[in-house]
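S.K.: Need the 3D shape of this:
(one chain, ligands or ions: 1)
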Amino acid sequence: MKYLNVFVSGGSKGIGKNCVLKFLQNGHKVYFTSRNKIDKNNYLKKDFRKYEKNLIPIQFDSLKFNNYKILLKKIKKLDCLVNNVGDAVKRSSFEKSNLELWKKSFDINFFTAYCATKTFLQLLKKSKKGSIVNISSISSSFGGFPDSLHYGIAKSCMDKLTQSLGKELGKYNITVNSVLPSVIMTDFQKRHSSKQRVRNVLNSTPLGRLGEVEDVSDMVFWLATKNTYISGSNIEIAGGR
Ligand SMILES: NC(=O)c1ccc[n+]([C@@H]2O[C@H](COP(=O)([O-])OP(=O)(O)OC[C@H]3O[C@@H](n4cnc5c(N)ncnc54)[C@H](OP(=O)(O)O)[C@@H]3O)[C@@H](O)[C@H]2O)c1
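M.R.: Numbering: from 1, shown residues only. You can find the predicted model right below:
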């Protein structure tokens, strides 16, 4: 089995961290970014300390679009890029929102993925079997919730980029896919959703439960390690919603 070099943007917690751990525990080498300096001993629970040598945290702000070249000083080989950084920024109707909010949303949800993909493309080409997995959102599939269109639409652009890049990069044997989670109880939801809102999502989920971080990381892992034929796809992880 070939061990992969993996990069996850925004891996300090939530979905990104669970992706980091999933790759680590299967023997892969994982680079991840977060804005704060990460202490590996605090980051890894006891059972995971044995994987420490394969973990490379990088303190890096994904919004500093002129700094991405720095990452290439630390990362010389890459097989899988997971564009995970993203945020709803704040809830607002279209009517009350302004250009600044829309720009912030596109910066964190779209241009971070654009910049990381541009930065790492040459390394992924050299991999001979590269993969890009974009962490989108179920809100992309229906144009966004009325109080966060700026988020759903930025994620829709990410999904369109996924489709287009799937076509362009196939000749290098690079697969490009998006995963679209529904509500998963990370800090993201604590910042942006009331308990009632989360209950409403639960009640409208045919499979009768909210998503777990593992539902996402299992799919990301499969796309990076097993998938050889699915590309340009937007895969919903939403319990049938
Ligand atoms: N949770 C959900 O229900 C849900 C549903 C659909 C889609 N998603 C998507 O899933 C992805 C992950 O969400 P999550 O729920 O895990 O969010 P989260 O709990 O807020 O975690 C976000 C991660 O991104 C990092 N981050 C944020 N801004 C950054 C920046 N400028 N530079 C570098 N790192 C940054 C954070 O690290 P630091 O704060 O340490 O920098 C953290 O590790 C996002 O793209 C989100 O849109 C989430």
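S.K.: Point out the residues in the protein that sit beside the ligand.
M.R.: Selection of the chain residues close to the ligand by C-beta under 6 Å from any ligand atom yields 10-16, 33-36, 61-63, 84-86, 135, 137, 181, 183-184, 186-189. Quick note: C-beta positions are derived from backbone N, CA and C, even for glycine.
S.K.: now, which of these lie within strands?
M.R.: Among the residues of the chain next to the ligand, the residues falling in strands (DSSP state E) are 33, 34, 135, 181.
S.K.: Assumed residue 57 was part of a strand.
M.R.: Yes. Assessed with DSSP: H, G, I helix; E, B strand; the rest coil, residue 57 lies in a strand.
S.K.: residues touching it, list them.
M.R.: 11, 12, 31, 32, 33, 34, 37, 38, 40, 43 (C-beta atoms under 8 Å, 6 or more residues apart in numbering).
S.K.: now residue 105
M.R.: 87, 88, 89, 150, 151, 153, 154.
S.K.: List the ones among those that fall in helices.
M.R.: Cross-referencing the contacts of residue 105 against helices under DSSP state H gives 150, 151, 153, 154.
S.K.: Against residue 106, how distant is the residue most central in space within the chain?
M.R.: By C-alpha atoms, centre = their mean, the mean C-alpha position of the chain lies nearest to residue 84, the distance being 2.0 Å. Distance of residue 84 to residue 106, given as C-beta to C-beta, to the nearest Å: 17 Å.
S.K.: how long is stretch 133-150 end to end?
M.R.: 21 Å (C-alpha to C-alpha, to the nearest Å).
S.K.: Quick one: neighbours of residue 49, just the number.
M.R.: 11 (other C-beta atoms under 10 Å).
S.K.: Just read off the phi/psi values of it.
M.R.: phi -60, psi -30 (degrees, to the nearest 10).
S.K.: Run through the residues that contact it.
M.R.: Residue 49 neighbours (C-beta under 8 Å, 6+ apart): residue 41.
S.K.: again, but for residue 56
M.R.: 29, 30, 31, 32, 74.
S.K.: Likewise for residue 106?
M.R.: So residue 106 contacts 150, 154, 157 (C-beta under 8 Å, 6+ apart).
S.K.: out of the residues you listed, which one sits closest to residue 124?
M.R.: residue 157 (20.7 Å; C-beta to C-beta).
S.K.: burial of the closest one, as a residue count?
M.R.: Using other C-beta under 10 Å: residue 157 sits among 17 other residues.
S.K.: what's the distance between it and residue 75?
M.R.: Applying C-beta to C-beta to residue 157 and residue 75 gives a distance of 26 Å.
S.K.: Also residue 51?
M.R.: From residue 51 to residue 75 the distance is 18 Å (C-beta to C-beta).
S.K.: Please identify which of these two sits among more neighbours.
M.R.: A count of neighbours by other C-beta under 10 Å puts residue 51 above the other of residue 51 and residue 75, at 20 against 17.
S.K.: Do I have it right that the more buried one meets residue 44?
M.R.: Yes. Applying C-beta atoms under 8 Å, one finds residue 51 in contact with residue 44, separated by 7.1 Å.
S.K.: which ones are touching residue 30?
M.R.: Contacts of residue 30 by C-beta under 8 Å, 6+ apart are 6, 7, 8, 11, 20, 23, 24, 54, 55, 56.
S.K.: quick one: which of these is nearest the ligand?
M.R.: residue 11 (5.7 Å; C-beta to the nearest ligand atom).
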